[in-house]
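Participant: Here is my input; please provide its structure:
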Amino acid sequence: DEGVLILGSGLSFHALKPMLAFLRAGHPQQETMDKSRAFDDWLVQACTTPEWTSRPAENGGLSKREELLKSWERAPHARFCHPREEHLLPLFVIAGAAGEDNGEVIWKDPGVMGAVNSAFCFR
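Facilitator: Numbers count the residues shown, from 1 in each chain. Below you'll find the predicted structure:
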């Protein structure tokens, strides 16, 4: 329960086609910035809202955070930001292991590789 560090890696945005467009153009593409910001805002809210971490007896005992992350594909522009989910799955593992501990944003970049990205910590 205590004294264990679980480290997950990945990005809150990981779509190679828009990243390559950024590299070719040398500047962020507005569509990518807008869509990645919307998804990142959703993800930040899902992971950091304290009221969403408690597990109720109904709904199979899932917290709102767990419900949201379980249905992440319904988030704004989810598949644009993650055509494949392997770079988002580590966050799900960490959030699940955190139980009712709240997440916090420990790093945010408004335009790395032409997209908004965040990193999270659960203590």
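
Participant: any idea which helix or strand comes after the longest helix along the chain?
Facilitator: If you go by DSSP state H, the chain has its longest helix at helix 30-48. Per DSSP states H and E, the first helix or strand lying C-terminal to helix 30-48 is helix 64-70.

Participant: What helices and strands are in contact with that following helix?
Facilitator: Judged by 3 or more C-beta pairs under 8 Å, 6 or more residues apart in numbering; DSSP states H and E, helix 64-70 is in contact with helix 30-48, helix 89-98. Glycine gets a C-beta too; all of them are placed from N, C-alpha and C.

Participant: For Ala15, which of these is the nearest?
Facilitator: Smallest distance to Ala15 across those (C-beta to C-beta): 7.9 Å, for helix 30-48.

Participant: Show me the shaky parts of this structure.
Facilitator: When residues are selected by pLDDT under 70, those of the chain lie in 1, 57-59.

Participant: what's the single longest strand in it?
Facilitator: strand 103-112 (DSSP state E).

Participant: In this structure Lys35 contacts Ala78, no?
Facilitator: No. Applying C-beta atoms under 8 Å, one finds Lys35 not in contact with Ala78, separated by 9.6 Å.

Participant: separation between the residue nearest to Lys35 when sequence neighbours are not counted and Ala115?
Facilitator: Nearest residue to Lys35 in three dimensions, chain neighbours excluded: His77, at 3.9 Å (C-beta to C-beta, 6 or more residues apart in numbering). His77 sits 11 Å away from Ala115, going by C-beta to C-beta, to the nearest Å.

Participant: Those two: which is more packed in?
Facilitator: Ala115 (27 against 19; other C-beta atoms under 10 Å).

Participant: what's the burial count for the closest residue to Leu69 other than its chain neighbours?
Facilitator: Of all residues not flanking Leu69 in the chain, Phe92 sits nearest, at 5.4 Å (C-beta to C-beta, 6+ apart). Taking other C-beta under 10 Å as the neighbour definition, Phe92 ends up with a count of 16.
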